[in-house]
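Sequence plus the predicted model coming up.
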Amino acid sequence: MNTDDVVRTFLDFYRERGHELITGSSLLPPPSDPVLFTTSGMHPLTPYLQGRPHPQGRRLVNVQRCLRTTDLDEIGDLTHLTVFDMLGSWSLGDYGHPQSLRWGYELLRDGFGIPREKVYVTVFGGDEQVGPDLESLDTWRELGVPVESTRDENWWSNGPVGPCGPDSEIFYWTGDGPPEGRPTTDSRWVEIWNHVHMRLERGEDGGLDPLRQVNVDTGMGLERLVSVLQWRRSVFETDVFEPWTRVLSTLWELDERSLRIVCDHLRSSVVVIGEGVWPSNTGRGYVVRRLIRRVLTILWRGDESRSLGDLPGELVGSGSVRGVLLEEEGRFGRLLERGRGVLSRPEFRGVLGDEEYRYLHDTYGLPRELVVGLLR
């Protein structure tokens, strides 16, 4: 299956079961939302999960583009991305969690052709506030799928307060040989789908109260699923990233991890700039700035003549996006020159402490990570 086939199969499956297709919201939440970017498919649906009637009914399905800054340090591995698409389905006070699990397994087995022996699931084993999720445990056992109970790993929330609940995570075996171990003991089990029994709400005091309705919220990363179905070792080897890896691998000589980071960060930057966010020192703009400057740091480490101006229109699209990238490249280049001059002074030789880093940032605008890179 190519990516379009995967999306079509997912949406058709749920639409045949009474789910209405809703349009994915923008990557940018409304001004009243304190979150910088949409981080999950459920994020725009929070009011409806809390009880407000949705105009399209109680069964919904969509594809939502997301951005997570919490995963930036993970970028470069086989599965994590900054910007990704999330396949989601919801029951807003309609069918229960066991039905969601049964449908989810049916789709993986019959719709996507994933064999049962390559599937393992985890469920919530309980903590001081909430008991174990025995309903999900029994459902998976009835389906004949191996299951283990965990604690914190199987509790989902979109923040410190708000809707939350126990979840059931579905893992796929990515190892070369027969499956072995469990998701908590072997990293070759990779999570592909999360089904959340969203029935509680955490308050400011940390307490839990029942939501007005019992919901089901599922989320499955599209690119990660595609890598599984296309038998690829990483998300960067799928058709989603084919134009990026093909062009960049011939344009610049990079090691494998660096190529993944550059592909991810450039693709993410192009998407966010396309949403009207330009590099800056605060908020959303600072996320874009970090992405672009990390790319430049990697490129210039090997050859300072490399430029984002080398990127073809096939990747960066319109001239306005290219202009933003080149403007930020020039600004970063000037900052590097200033940084080298400042750090050549005698008072900055040797090991720097927190006070020196703060001084360099507040006085010369040199971020700590940039100073560390220059000193190296």
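Sure thing, it's come through.

now the helix ranked longest in the chain: how far from the chain's centre is it?
Identified as the longest helix of the chain according to DSSP state H is helix 319-343. How far helix 319-343 lies from its chain's middle: 27 Å, per C-alpha atoms, centre = their mean, to the nearest Å.

Tell me the helices and strands packed up against it.
helix 256-274, helix 283-302, helix 313-316, helix 354-364, helix 368-375 (3 or more C-beta pairs under 8 Å, 6 or more residues apart in numbering; DSSP states H and E). C-betas here are computed from N, CA, C, even on glycine.

same thing but at 7 Å, please
Under the contact criterion of 3 or more C-beta pairs under 7 Å, 6 or more residues apart in numbering; DSSP states H and E, helix 319-343 touches helix 256-274, helix 283-302, helix 354-364, helix 368-375.

Touching the shortest one from outside, list them.
Contact partners of helix 368-375, identified using C-beta atoms under 7 Å, 6 or more residues apart in numbering, comprise 297, 339-340, 343, 357, 360-361.

Kindly report the same for the second one.
Contacting residues not belonging to helix 283-302 are listed as 36-37, 69, 82, 252-253, 258, 261-262, 265-266, 268-269, 272-273, 277-280, 306, 325, 328-329, 332, 373 [C-beta under 7 Å, 6+ apart].

Mind jotting down where the helices sit in the chain?
3-15, 46-49, 97-106, 134-143, 222-229, 242-251, 256-274, 283-302, 313-316, 319-343, 354-364, 368-375.

by contact count, what packs against the first one?
Helix 3-15 makes packing contacts with strand 59-67, helix 222-229 when contacts are defined by 3+ C-beta pairs under 7 Å, 6+ apart.

cutoff 6 Å now
Secondary-structure packing of helix 3-15 (3 or more C-beta pairs under 6 Å, 6 or more residues apart in numbering; DSSP states H and E): no helix or strand packs against it.

For it, give the mean pLDDT please.
The pLDDT scores in helix 3-15 average 98.

cool, stretch 163-177 as well?
pLDDT averaged over stretch 163-177 gives 95.

Going by neighbour count, which residues of it are buried?
Within stretch 163-177, the residues scored as buried using 16 or more other C-beta atoms under 10 Å are 163-174.

same thing with stretch 305-319?
Buried residues in stretch 305-319, counting neighbours by 16+ other C-beta under 10 Å, are found at 306-308, 311, 315-316.

Kindly reformat those residues as JSON lines containing distance to residue 352 and pLDDT.
Putting those into JSON lines (distance: C-beta to C-beta, whole Å; pLDDT from 0 to 100) gives the following:
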{"residue": "306", "distance to residue 352": "28", "pLDDT": "94"}
{"residue": "307", "distance to residue 352": "30", "pLDDT": "96"}
{"residue": "308", "distance to residue 352": "30", "pLDDT": "96"}
{"residue": "311", "distance to residue 352": "35", "pLDDT": "95"}
{"residue": "315", "distance to residue 352": "37", "pLDDT": "94"}
{"residue": "316", "distance to residue 352": "36", "pLDDT": "92"}
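
Compare the mean pLDDT across the helices of the chain and name the weakest.
Taking the mean pLDDT of the helices of the chain, helix 368-375 comes last: a mean of 80.
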